[in-house]
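J.: Return atomic coordinates for the entry below.
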Amino acid sequence: MTDAKYDVLAIGNAIFDVLVRTDEAFLSRHGMTKGSMALIDEARATAIYRDMGPATEMSGGSAANTIVGLASLGARAAYVGKVKDDQIGALYTHDIRAAGVAFETKPAADGPATGCSYILVTGDGERTMNTYLGAAQHLTPADIDPAQVAAARIVYLEGYLWDPKDAKEAFVKASQIAHEADRQVALTLSDSFCVDRYRDEFLDLMRKGTVDLVFANEAELRSLYLTSDFDTALKQLRLDAKLGVVTRSERGCVVASNESVVAVPAFPVKTIVDTTGAGDLFAAGFLFGLVRGAGYENAGRLGALAAAEVIQHIGARPQVSLKELAQQNGLPV
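T.: Just a heads-up that it's a prediction; the model follows:
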């Protein structure tokens, strides 16, 4: 493998997060299913925003959160995602670059506004997401720079983006370029609703070797294999994916390959404030461990540490240097 300019290049929905603390009554009033992620149109986005209390606003998007986490650990990181040339798009671009991530995707001059996700956090820390994709869903193969993809050791793809036809083609193009350059491709399944809609296509990506590494949580894994039994689903994952990493909340994670299953415990957490970004930051830690050759167990521990940091405050981006946090906890960085 030739030298890489980037450790990880992430491709995903560029979404601006609007987070607010709320209660069950608000969710009920707006017909929301607690803990879910729903796609909404601009009219519903306006209605939710109008009824919300004071909010915390920051750049987000699943793969973008992961790549910012990687940069915080000290990785060389790059991101591909579509915003519009509007005020929120400019804020988004500034935020991700300020985090130390290379972001060169050209903003859209016309079409829908920059995407936003309205994230309602209840008292137990559970988050309910309502996402207006906007410009994010207009990522096309033309936005994929072959030289940039080939220069990244791992290309990380966000399952949420596996919806518009152009974005799918962009994914496949990036995967082909990466494999031709002897790089690895990772996919996060993102959400059970994504898996329900695209189960066969996700399985096809795994079985054909379009992706080498798959991230999932327990609910996504069960949905993928239509079974309530975790061990049955894990056994099938080991047959279908070169490497699978399954997060299990307070029970840590399982790293599964043809050769082995490695269980890694969760990191101790004092108080869960907001679970937004837990999976995203876990992926950041694990990918960092992988590109540093730290082994599956240490990669899992780095993932657990990053996830633990992000769920103890509002927002899906780290609030401290993850590199320093890892060093304080004796982890390899």
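
J.: If you count contacts, what does the helix or strand where Phe286 lies end up packed against?
T.: For Phe286, the host element (DSSP states H and E) is helix 278-291. In terms of contacts (3 or more CB pairs under 8 Å, 6 or more residues apart in numbering; DSSP states H and E), helix 278-291 is packed against strand 6-11, helix 62-73, strand 152-158, strand 184-188, strand 213-217, strand 243-247, helix 296-310, helix 322-328. Where C-beta positions appear, they are placed from N, C-alpha and C, glycine not excepted.

J.: quick one: the strand or helix carrying Cys116 to chain centroid distance?
T.: Applying DSSP H and E as the criterion places Cys116 in strand 115-121. Centroid displacement of strand 115-121 relative to its chain, using CA atoms, centre = their mean, to the nearest Å, is 15 Å.

J.: And the next helix-or-strand element following it, what does it pack against?
T.: Using DSSP H and E, the helix or strand that follows strand 115-121 towards the C-terminus is strand 127-132. Applying 3+ CB pairs under 8 Å, 6+ apart, we find strand 127-132 packed against strand 37-39, helix 42-51, strand 115-121.

J.: quick one: average pLDDT of the second one?
T.: Spelled out, that is helix 42-51. Helix 42-51 shows a mean pLDDT of 92.

J.: quick one: buried residues of it?
T.: Judged by neighbour count (16 or more other CB atoms under 10 Å), helix 42-51 contains these buried residues: 44-45, 48.

J.: Figure out which of the helices and strands packed on strand 127-132 is closest to Asn13.
T.: Across the helices and strands packed on strand 127-132, Asn13 has its closest neighbour in strand 115-121 (6.2 Å, CB to CB).

J.: list the helices and strands the closest one packs on?
T.: strand 15-21, helix 42-51, strand 127-132.

J.: try 6 Å this time
T.: Counting contacts by 3 or more CB pairs under 6 Å, 6 or more residues apart in numbering; DSSP states H and E, strand 115-121 packs against strand 15-21, strand 127-132.

J.: now those in CSV, with distance to Gly115, mean pLDDT and mean neighbour count?
T.: Listed next are the helices and strands packed on strand 115-121 as CSV, based on distance: least, CB to CB, whole Å; pLDDT from 0 to 100; neighbours: other CB atoms under 10 Å:
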stretch, distance to Gly115, mean pLDDT, mean neighbour count
strand 15-21, 4, 93, 23
strand 127-132, 6, 93, 23
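
J.: JSON lines for these, including distance to Val245?
T.: As requested, the helices and strands packed on strand 115-121 are exported to JSON lines (distance: least, CB to CB, whole Å):
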{"stretch": "strand 15-21", "distance to Val245": "23"}
{"stretch": "strand 127-132", "distance to Val245": "21"}
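
J.: on that earlier part again, looking at the helices and strands packed on strand 127-132, which is nearest to Gln328?
T.: Once the helices and strands packed on strand 127-132 are compared by CB to CB, strand 115-121 is nearest, at 27.4 Å.

J.: Just the CA coordinates for the closest one, please, in PDB.
T.: The C-alpha coordinates for strand 115-121 follow below in PDB (Å, rounded to 0.1, in the frame of the first residue of the first chain):
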ATOM      1  CA  GLY A 115     -29.800  20.300   5.500                       C
ATOM      2  CA  CYS A 116     -30.900  20.500   9.100                       C
ATOM      3  CA  SER A 117     -31.700  17.900  11.800                       C
ATOM      4  CA  TYR A 118     -34.000  18.800  14.700                       C
ATOM      5  CA  ILE A 119     -32.800  16.700  17.600                       C
ATOM      6  CA  LEU A 120     -35.100  16.400  20.600                       C
ATOM      7  CA  VAL A 121     -33.400  15.200  23.700                       C
END
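
J.: Renumber starting at 306 from here on
T.: OK, 306 is where the count begins now, so the last one is strand 420-426.

J.: So which bits of the helix or strand containing Lys478 are buried?
T.: Using DSSP H and E, Lys478 sits in helix 470-485. Residues 472-473, 475-476, 478-480, 482-484 are the ones in helix 470-485 that count as buried (16+ other CB under 10 Å).

J.: now swap in stretch 527-544 and tell me
T.: For stretch 527-544, by 16+ other CB under 10 Å, it's 527-530, 535, 538-539, 541-543.

J.: Closest one to Phe331 out of those residues, please.
T.: Ser528 (26.8 Å).

J.: Relative to Phe507, how far out is the closest one?
T.: 10 Å (CB to CB, to the nearest Å).

J.: returning to what we had before: I'd like to know which of the helices and strands packed on helix 583-596 lies nearest to Glu409.
T.: Of all those, strand 311-316 sits nearest to Glu409, with 10.8 Å by CB to CB.

J.: ok, how many other residues are close to Ile619?
T.: Ile619 has 18 neighbouring residues, counting by other CB atoms under 10 Å.

J.: what about Gly420, how many neighbours?
T.: So Gly420, with other CB under 10 Å, has 28 neighbours.
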